[in-house]
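Engineer: give me a 3D structure for the following:
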Amino acid sequence: MLEPNGRQILNIVGKESLAKGILLPQDMPAAIEALERAIAQDEAAQEQRRQSALAAGESLPRSDTVTLRQRAVPFIDMLKQCQRAEKEIVWGV
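Structural biologist: Residues are numbered from 1 along each chain as shown. So this is what the prediction gives:
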């Protein structure tokens, strides 16, 4: 994951630093919820842009970007696995 995308994911879960950090098992449910909420908001915004373009008679641009869902789901899966195993996620140490 590129740095801006990693920063976005970490900011969503309430972590500021890309250099060093830790997510404890007890913090993982809130992190998962925050990511799922951000994904829902992102998808709603995308749908609203699509509906606005259709209503204006504009053609929809082809999307070549990777969505927040595509970036976040592997991280959510890792959070769930670590939570079940009661293991923290540590980076930068």
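
Engineer: helix/strand/coil for the most centrally placed residue in the chain?
Structural biologist: For the chain, the residue nearest the mean C-alpha position is Ala72 (3.7 Å; CA atoms, centre = their mean). Assigned by DSSP: H, G, I helix; E, B strand; the rest coil, the conformation of Ala72 is helix.

Engineer: kindly report the same for Ser63.
Structural biologist: Strictly by three-state DSSP, Ser63 counts as coil.

Engineer: and it, how far from Leu54?
Structural biologist: For Ser63, the distance to Leu54 equals 15 Å [CB to CB, to the nearest Å]. Placement of C-beta: from N, CA and C, glycine included.

Engineer: got a list of what the nearest residue to Ala53 once chain neighbours are set aside touches?
Structural biologist: Closest residue in space to Ala53, ignoring its immediate chain neighbours: Leu60 at 5.5 Å, by CB to CB, 6 or more residues apart in numbering. By CB atoms under 8 Å, 6 or more residues apart in numbering, the residues touching Leu60 are Arg50, Ala53, Leu54.

Engineer: so is the residue in the chain sticking out farthest from the centre in a helix, a strand, or just coil?
Structural biologist: Most distant residue from the mean C-alpha position of the chain: Gly57, 31.3 Å away (CA atoms, centre = their mean). Three-state call for Gly57 (three-state DSSP): coil.

Engineer: confidence score at Ser52?
Structural biologist: At Ser52, the pLDDT value in this model is 89.

Engineer: could you do the one 5 residues further on as well?
Structural biologist: Turning to Gly57, the model gives it a pLDDT of 87.

Engineer: ok, it to Met28 distance?
Structural biologist: For Gly57, the distance to Met28 - CB to CB - is 45 Å.

Engineer: now Leu18
Structural biologist: 19 Å.

Engineer: ok, the two, which is more surrounded?
Structural biologist: Counted by other CB atoms under 10 Å, Leu18 and Met28 do not tie: Met28 has more neighbours, with 23 against 15.
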